[in-house]
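J.: Here's a sequence, model it:
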Amino acid sequence: MKVSFILPIYNVEKYLSECVESILTQTYRDFEILLVDDGSPDNCPALCDEWAKKDSRIKALHKPNGGLSDARNYGLEHAQGDYVVFVDSDDFWVNKDCLQRLMNVVDAHPECDFIGFNCSYYYSDTKTYNKWVAYDESLSKPTDKDAVLCSLVASGTFPMSACLKVLKRKTLLDMELRFIKGTIAEDIPWFIDLLDGSKNCMFVNQYIYAYRQNVAGSITASGNPKSTSDLFTIVKNEVNKMKERSFSEETKNALYSFLAYEFCILLTASSRMSKEMRKELMQYKWLLNYTVNPKVRKAAFVNKLFGIKVTKLMLKFYTNYIRK
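T.: The predicted structure is shown next:
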């Protein structure tokens, strides 16, 4: 079997069938679909069983609720394909030939540990797609991890999502790469570890994945203080792990710049933090010295001229503006 699709499922009864059908209708047929019911409280468990009866390539796996990371890990344990693709079950694949086109690239470049593809934000109220930033064309051929990370950070885009990659299952198993259970923003450390352990990878501008926006109650929905706390913990952990990373010094500087971008995100949420957390956050202001990321470069410029309080206001204004 060539490909294992892993779909963590929780409270997505409204969207599940569209997601499954978008995979089943692929012209490339050599795959399995693992529906990982993560203790969903709605009708999803029954839907999973129904889908498994309709097509022999579908397996329904039921487990107690453990969160998105735990469900993905559980699916990986049961996957049989040479390659693994993660799909969030409130999203879907756009066209019927997506997998065929992607596997053509995979077969042409077996030396790659993973191949990234692109996505569009999908707005169901208007049925419109907004394409994400295109990857630099230099990444459309097998590239080493240092060049990849530097290019991604310098472009202002860092495609952390596990759902935007086709991955060698052997690579994941050899690296013992798993998602951190119970953590929001778990794709960040997972992707950094994936890059660090990979020899070659590439990114193609095939807009395969439709990332559904404004979904309430899905497995990836956060919007609570834990998301801020978890992101801060990830930043601190990644800073602490930097010395043991196998990246070049130039690449580590680029990675610091990515963490500076995450620091900026935390800065916009600092008014909701405790006094102790805000004080601790300011200890990481030095990350703004790493300006490979163009957005961090602008924030660092404002901070140099006007200080951190004005920088925070500027970032909040920018965040509110792009949400409109």
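
J.: ok, Arg297 - contacts?
T.: Residues near Arg297 by Cβ atoms under 8 Å, 6 or more residues apart in numbering: Thr291. Yep, even glycine has a C-beta here, placed from its N, CA and C like the rest.

J.: ok, 10 Å please
T.: For Arg297, the set of contacting residues under the criterion of Cβ atoms under 10 Å, 6 or more residues apart in numbering consists of 156, 257, 260, 288, 290-291.

J.: For ChimeraX, write the selection for the buried entries among the residues you listed.
T.: Here is the ChimeraX command that picks out the buried ones among the contacts of Arg297, judged by 16 or more other Cβ atoms under 10 Å:
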select :257,260,288,290,291
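
J.: any idea how the protein splits into domains?
T.: 3-212, 225-323 (automatic domain parsing).

J.: Quick one: mean pLDDT for the longest one?
T.: Averaging pLDDT along domain 3-212 yields 97.

J.: Equivalent analysis for the shortest one, please.
T.: Across domain 225-323, pLDDT averages out at 93.

J.: chain center to it, what's the gap?
T.: Going by Cα atoms, centre = their mean, to the nearest Å, the spacing between the C-alpha centre of domain 225-323 and its chain's C-alpha centre is 19 Å.

J.: do the same with the first one
T.: Domain 3-212 sits 9 Å away from the centroid of its parent chain (Cα atoms, centre = their mean).

J.: For stretch 123-140, buried residues please.
T.: By neighbour count with 16+ other Cβ under 10 Å, stretch 123-140 contains the buried residues 132, 135-136, 139.

J.: sorry, that was for stretch 93-101
T.: Under the neighbour-count criterion of 16+ other Cβ under 10 Å, stretch 93-101 has 93-95, 98-99, 101 buried.

J.: Kindly report the same for stretch 176-193.
T.: By neighbour count, with 16+ other Cβ under 10 Å as the criterion, the buried positions of stretch 176-193 are 177-180, 183-193.

J.: So which of the residues you listed sit within helices?
T.: 187-193 (DSSP state H).

J.: wait, which of those is closest to Gly81?
T.: Sorting those by how near they are to Gly81, with Cβ to Cβ, puts Trp190 at the top with 18.9 Å.

J.: Against Lys304, how distant is that closest one?
T.: When Cβ to Cβ, to the nearest Å is the yardstick, Trp190 and Lys304 sit 33 Å from each other.

J.: Thr171 too?
T.: Summarising the geometry, the distance separating Thr171 from Lys304, computed by Cβ to Cβ, is 42 Å.

J.: the more surrounded of the two?
T.: For Thr171 and Lys304, the more surrounded residue by other Cβ atoms under 10 Å is Thr171, and the numbers stand at 19 against 11.

J.: Could you tell me the phi and psi values at that one?
T.: The phi/psi pair for Thr171 (degrees, to the nearest 10) reads phi -60, psi -50.

J.: ok now do the closest residue to it other than its chain neighbours, which residues does it touch?
T.: Nearest residue to Thr171 in three dimensions, chain neighbours excluded: Asp113, at 4.4 Å (Cβ to Cβ, 6 or more residues apart in numbering). The contact partners of Asp113, taken as Cβ under 10 Å, 6+ apart, are 142, 145, 165, 167-168, 170-172, 174-175, 194-195, 197-202.

J.: Mind giving me the ChimeraX command for buried ones among those residues?
T.: For anyone working in ChimeraX, the buried entries among the contacts of Asp113, judged by 16+ other Cβ under 10 Å, can be selected with:
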select :142,145,165,167,168,171,172,194,195,197,198,200,201,202
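
J.: Mind checking which of the contacts of Asp113 are in helices?
T.: Taking DSSP H, the ones among these that sit in helices are 145, 170-172, 174-175, 194-195, 197.

J.: Make JSON lines from the residues you listed and add distance to Ser161 to it.
T.: What follows is those, written out as JSON lines (distance: Cβ to Cβ, whole Å):
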{"residue": "Lys145", "distance to Ser161": "18"}
{"residue": "Lys170", "distance to Ser161": "22"}
{"residue": "Thr171", "distance to Ser161": "17"}
{"residue": "Leu172", "distance to Ser161": "15"}
{"residue": "Asp174", "distance to Ser161": "22"}
{"residue": "Met175", "distance to Ser161": "18"}
{"residue": "Leu194", "distance to Ser161": "11"}
{"residue": "Leu195", "distance to Ser161": "14"}
{"residue": "Gly197", "distance to Ser161": "18"}
